[in-house]
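>>> no sequence for this one, just the structure:
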């Protein structure tokens with residue numbers, strides 16, 4: 001198997017949520033400083049071969065712009081229960097973010113390889129292709 005080149009960009013956002021009917025204290029409204037790690041790659045793990053982005057998977061500023069507009073701007077300093085129609089677990093949000101970013105990056109020839117959403121400094125949910 002040949003080498004595969006991927007890039008990862010990290011983001012943070014602050015948001016509140018609660019988990020109705022949860023058996024623990026997360027049933028009460030509380031907040032987190034989330035850390036989002038987005039790992040992407042091009043088809044077959046290759047790099048761009050021409051243009052101003054030659055030698056890149058994607059320009060980090062382009063990736064930042066897409067993640068900011070499609071995710072961060074919609075969740076930062078928000079009550080996540082009012083943003084999403086699903087239960088706002090780290091797992092559900094990571095899966096949602098994976099799908100949204102994958103749809104927005106595919107037209108650029110880039111696919112999401114992995115999403116890691118850290119809810120606390122030592123707890124995260126990860127969604128990736130197998």
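Looks like it came in fine. Remember, predicted model here, so these are calculated numbers, not experimental data.

>>> residue 94: what secondary structure?
The three-state assignment at residue 94 reads helix, by DSSP: H, G, I helix; E, B strand; the rest coil.

>>> what's the burial count for it?
Residues near residue 94, counting by other Cβ atoms under 10 Å, number 23. C-betas here are computed from N, CA, C, even on glycine.

>>> what pLDDT is listed against the nearest residue to residue 43 once chain neighbours are set aside?
In this structure, residue 43 finds its nearest non-sequential neighbour in residue 109, 6.2 Å apart by Cβ to Cβ, 6 or more residues apart in numbering. For residue 109, the pLDDT comes out at 94.

>>> and residue 109, how far is that from residue 40?
Relative to residue 40, residue 109 is positioned 10 Å away (Cβ to Cβ, to the nearest Å).

>>> residue 33 too?
23 Å.

>>> per-residue pLDDT, residue 45?
85.
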